[in-house]
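Undergrad: here's my sequence, what's the structure:
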Amino acid sequence: MINLNTHLKKGVLIFGVFFLALSFLLLPGCSARPVKVRIGSYNLRMQQLDKGDNAWEVRRARVMTSIRENDFDVFGVQELTDWVQAELLEDLGDTYAAVFFSPYSQDGVGDKAQGILYRKDRFKLLEYHYFWPADDPFVMTKNDHHVNNPAKSYIRGGICALFKDKRSGKKFFFINTHSALNHEEHAKYAHVYVDMEKKFNPKGLPSFFVGDLNARPNHPSHEVFRAWWSDSAENLEPRPVTFNGFKTDPSLWGNYSQIDFIYYRNIDAPEQFTCNQKMYDGLCASDHFPIWADFVIKK
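TA: Numbers count the residues shown, from 1 in each chain. You can find the predicted model right below:
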């Protein structure tokens, strides 16, 4: 005789175990589903430098539209005045949160800054740090001396952050920088970016290194970077022109090359890499084009 109560209890038990497992996978921090993330970099051109159509008050709308259209998830920005840091959050604060760093101040606050913007509904900022490519990475240092005028110098730095995807709990590490124009100093301190990745990402989470590196792909600094990370654009031929100098005619970009990069480590190659050379009413939004790459975080 079939015992219906026994079969019913088994069915309830099996359903309960299935439902519990499904619920566990759907809990924040417990999802096994891959997470797609669009990583980007965008140099916005120091805002007090230009006039006419390229004056910041004229091109501000172009920049903000460009950022929204590129649909970044997490991206690095370079060349920010203190007031444009505020304007970015004023215009984009419905979507993005940010951390900023000025290498011209020991406390990291101020002008000539760079930053990391991230979708605040998707990601949680767990921690961030800043540093200088120098003998002591945690002390502000003049580390970019003008080749033809050594008395004139700039200060370069980097900002790094650890993020957590709110739904899945997956974490990743991100570095953004604006590197030195002095190629000798740039090459000398390229190892600092690797050192900081090792220091602040000791668990070897997926990591991204982005920025305006002020160096073409054959510069010695890239040998250091490629020994640790992989280059998102390494298989592209020809390399994309990421610096436009506000020139709207592509035939005038002949002497330019890729100087903005997205490097990655401990994650599969990106599904796509894009240098978006779109114009707005026939004008460039910045003297650099935005770049982005789509990745899938599986672990």
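Undergrad: how near is G76 to D212?
TA: Distance of G76 to D212, given as C-beta to C-beta, to the nearest Å: 9 Å. Just so you know, the C-beta spots here come from the backbone N, C-alpha and C atoms, and that holds for glycine as well.
Undergrad: more crowded one of those two?
TA: In this view G76 and D212 are compared by other C-beta atoms under 10 Å, and G76 has more residues nearby, 29 against 25.
Undergrad: check contacts around the more buried one.
TA: When contacts are counted by C-beta atoms under 8 Å, 6 or more residues apart in numbering, G76 is found next to 40-42, 114-116, 159, 174, 176-177, 210-211.
Undergrad: tell me the secondary structure for it?
TA: Secondary structure for G76, judged by DSSP: H, G, I helix; E, B strand; the rest coil, is strand.
Undergrad: who's it bridged to?
TA: Taking DSSP bridges as the rule, G76 bridges to S41, I116.
Undergrad: and the pLDDT at it?
TA: Looking at G76, its pLDDT is 98.
Undergrad: all helices for the stretch 151-299 of the chain, in order.
TA: Assigned helices in the stretch 151-299 of the chain, in chain order: 183-188, 191-200, 220-228 (criterion: DSSP state H, counting those that start in this stretch).
Undergrad: got those as CSV, with mean pLDDT, mean neighbour count and distance to D107 columns?
TA: Rendered in CSV, the data for these read as follows (pLDDT from 0 to 100; neighbours: other C-beta atoms under 10 Å; distance: least, C-beta to C-beta, whole Å):
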stretch, mean pLDDT, mean neighbour count, distance to D107
helix 183-188, 96, 17, 23
helix 191-200, 98, 18, 18
helix 220-228, 98, 16, 27
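Undergrad: I'd like those helices as TSV, with distance to N148 appended.
TA: Putting these into TSV (distance: least, C-beta to C-beta, whole Å) gives the following:
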stretch	distance to N148
helix 183-188	13
helix 191-200	25
helix 220-228	21
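Undergrad: H146: which of these is closest?
TA: Using C-beta to C-beta as the criterion, the shortest distance between H146 and those is 10.7 Å, found for helix 183-188.
Undergrad: which residue sits closest to H146, ignoring its sequence neighbours?
TA: The shortest distance from H146 to any residue that is not its chain neighbour, by C-beta to C-beta, 6 or more residues apart in numbering, is 4.0 Å, and that residue is K152.
Undergrad: go on, K166?
TA: Residue nearest to K166 in three dimensions, not counting chain neighbours: K124, with 5.6 Å by C-beta to C-beta, 6+ apart.
Undergrad: count of neighbours near the one you found?
TA: By the other C-beta under 10 Å criterion, the neighbourhood of K124 contains 14 residues.
Undergrad: quick check, it in a helix?
TA: No: note on K124: no helix contains this position according to three-state DSSP, which reports strand.
Undergrad: so it touches K164, yeah?
TA: Yes: with contact defined as C-beta atoms under 8 Å, K124 counts as touching K164 (4.6 Å).
Undergrad: quick one: which of the helices of the stretch 151-299 of the chain is nearest K170?
TA: Ranking the helices of the stretch 151-299 of the chain by distance to K170, with C-beta to C-beta as the measure, places helix 191-200 first at 17.4 Å.
Undergrad: got the CA positions of that closest one in CSV?
TA: Coordinates of the C-alpha atoms in helix 191-200 are reproduced here as CSV (Å, rounded to 0.1, in the frame of the first residue of the first chain):
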residue,chain,number,x,y,z
HIS,A,191,56.7,49.8,-10.4
VAL,A,192,54.9,51.8,-7.7
TYR,A,193,51.6,51.1,-9.2
VAL,A,194,52.3,47.4,-9.1
ASP,A,195,53.6,47.8,-5.5
MET,A,196,50.3,49.5,-4.5
GLU,A,197,48.2,46.8,-6.1
LYS,A,198,50.1,44.2,-4.1
LYS,A,199,49.8,46.1,-0.9
PHE,A,200,46.1,47.0,-1.0
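Undergrad: what sits up against that helix?
TA: So helix 191-200 is in contact with 127, 129, 131-134, 137, 158, 160, 162, 173, 175, 177, 207, 209, 224-225, 227-228, 265, going by C-beta under 8 Å, 6+ apart.
Undergrad: circling back to that earlier point, state the phi and psi torsions of the residue nearest to H146.
TA: When quoted as degrees, to the nearest 10, the phi and psi of K152 stand at phi -90, psi 130.
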